[in-house]
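Trainee: turn this into a structure:
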Amino acid sequence: MISESPNVLVLLSGGIDSSACITYYLSQKFPVQALFVDYGQVAAQREFSAAFQICNYYDVNLNKVTATGFKKWSGGYIPGRNAFLLYTALMSFSRDTGLIAIGIHAGTSYSDCSELFIHKLQSSFDLYTDGCIQIGVPFVTWNKRSIWSYCNAKEVPLDLTYSCELGEEPPCGRCSSCKDLEALRAG
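Mentor: Down below sits the predicted model:
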């Protein structure tokens with residue numbers, strides 16, 4: 001079983017939700033490190049840059065894993081993405097016990113952003129780790145607006161985050177992440 005203050009590995013995409021996870025666990029006084037996974041997403045370079053800046057801001061160690069051979073993903077639903085990220089983090093985690101955190105939240109139609117998904121993945125983690133590594137999902141029942149409010153209340157450096165699925169600079173304004181961000185800013 002995990003100790004009271006387990007080490008936490010946050011899957012950090014450089015976006016709002018994963019940055020909120022870093023803030024959440026640091027505010028709980030957990031030792032935190034971050035992992036960025038480049039799986040061929042079009043925005044990988046800009047996302048990694050944002051993740052790097054966020055880790056510098058919080059003085060959190062950032063590691064990077066690059067997986068090759070996948071097709072280029074340019075946004076929307078990516079089958080198996082969150083399972084792949086969680087298993088990659090499990091393989092990368094340098095501790096025998098702790099938490100692997102991911103910033104999934106309610107309010108999406110994606111099946112891998114649900115409590116059921118986390119329950120099933122946790123069952124497989126338990127097979128591998130005898131229950132010693134848990135999946136942390138502090139925002140799994142929150143919607144995006146609630147996370148946005150949390151970020152503002154906790155002074156998360158939102159200006160350092162990056163969320164355009166097409167990897168454009170300035171952000172495209174057309175993809176679902178850009179549209180979500182525009183709606184959040186509009187209030």
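
Trainee: could you use CA atoms for every contact and neighbour count after this?
Mentor: Noted.

Trainee: got the contact list for the helix or strand bottoming out on mean pLDDT in the chain?
Mentor: Among the helices and strands of the chain, helix 176-186 carries the lowest confidence by mean pLDDT, DSSP states H and E, at a mean of 93. Contact with helix 176-186 is made by 75-76, 145, 148, 163-165, 171-173, as judged by Cα atoms under 8 Å, 6 or more residues apart in numbering.

Trainee: which of those residues fall within helices?
Mentor: The subset of the contacts of helix 176-186 located in helices under the criterion DSSP state H comprises 145, 148.

Trainee: about what we covered before: mind listing what's buried in the least confident helix or strand of the chain?
Mentor: By neighbour count, with 16 or more other Cα atoms under 10 Å as the criterion, the buried positions of helix 176-186 are 177-178, 180-181.

Trainee: may I see the contacts of helix 176-186 organised as JSON lines, with neighbour count added?
Mentor: Converted to JSON lines, the contacts of helix 176-186 look like this (neighbours: other Cα atoms under 10 Å):
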{"residue": "Gly75", "neighbour count": "16"}
{"residue": "Gly76", "neighbour count": "11"}
{"residue": "Arg145", "neighbour count": "16"}
{"residue": "Trp148", "neighbour count": "20"}
{"residue": "Ser163", "neighbour count": "24"}
{"residue": "Cys164", "neighbour count": "26"}
{"residue": "Glu165", "neighbour count": "24"}
{"residue": "Pro171", "neighbour count": "15"}
{"residue": "Cys172", "neighbour count": "16"}
{"residue": "Gly173", "neighbour count": "16"}
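
Trainee: nearest to Thr68 among the contacts of helix 176-186?
Mentor: Of all those, the one with the least separation from Thr68 (Cα to Cα) is Gly75, at 17.4 Å.

Trainee: quick one, what contacts Phe48?
Mentor: Shown in contact with Phe48 (Cα under 8 Å, 6+ apart): 13-14, 36.

Trainee: closest one of those to Tyr58?
Mentor: After measuring the contacts of Phe48 against Tyr58 - Cα to Cα - the closest member comes out as Gly14, at 12.8 Å.

Trainee: roughly how far does the closest one sit from Val8?
Mentor: Counting by Cα to Cα, to the nearest Å, the gap between Gly14 and Val8 amounts to 17 Å.

Trainee: quick check: buried residues in stretch 78-93?
Mentor: For stretch 78-93, burial by neighbour count (16+ other Cα under 10 Å) applies to 82, 85-90, 93.

Trainee: just the CA atoms of it, as PDB, please.
Mentor: As requested, the backbone C-alpha atoms of stretch 78-93 are provided in PDB (Å, rounded to 0.1, in the frame of the first residue of the first chain):
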ATOM      1  CA  ILE A  78      -7.300   9.300 -30.100                       C
ATOM      2  CA  PRO A  79      -8.200   5.600 -29.400                       C
ATOM      3  CA  GLY A  80      -6.100   4.200 -26.500                       C
ATOM      4  CA  ARG A  81      -4.400   7.500 -25.800                       C
ATOM      5  CA  ASN A  82      -5.000   7.700 -22.000                       C
ATOM      6  CA  ALA A  83      -4.300   4.000 -21.500                       C
ATOM      7  CA  PHE A  84      -1.100   4.400 -23.500                       C
ATOM      8  CA  LEU A  85       0.000   7.400 -21.400                       C
ATOM      9  CA  LEU A  86      -0.800   5.700 -18.100                       C
ATOM     10  CA  TYR A  87       1.100   2.500 -19.000                       C
ATOM     11  CA  THR A  88       4.000   4.600 -20.300                       C
ATOM     12  CA  ALA A  89       4.100   6.400 -17.000                       C
ATOM     13  CA  LEU A  90       3.900   3.100 -15.100                       C
ATOM     14  CA  MET A  91       6.900   1.900 -17.100                       C
ATOM     15  CA  SER A  92       8.700   5.200 -16.500                       C
ATOM     16  CA  PHE A  93       7.900   5.500 -12.800                       C
END
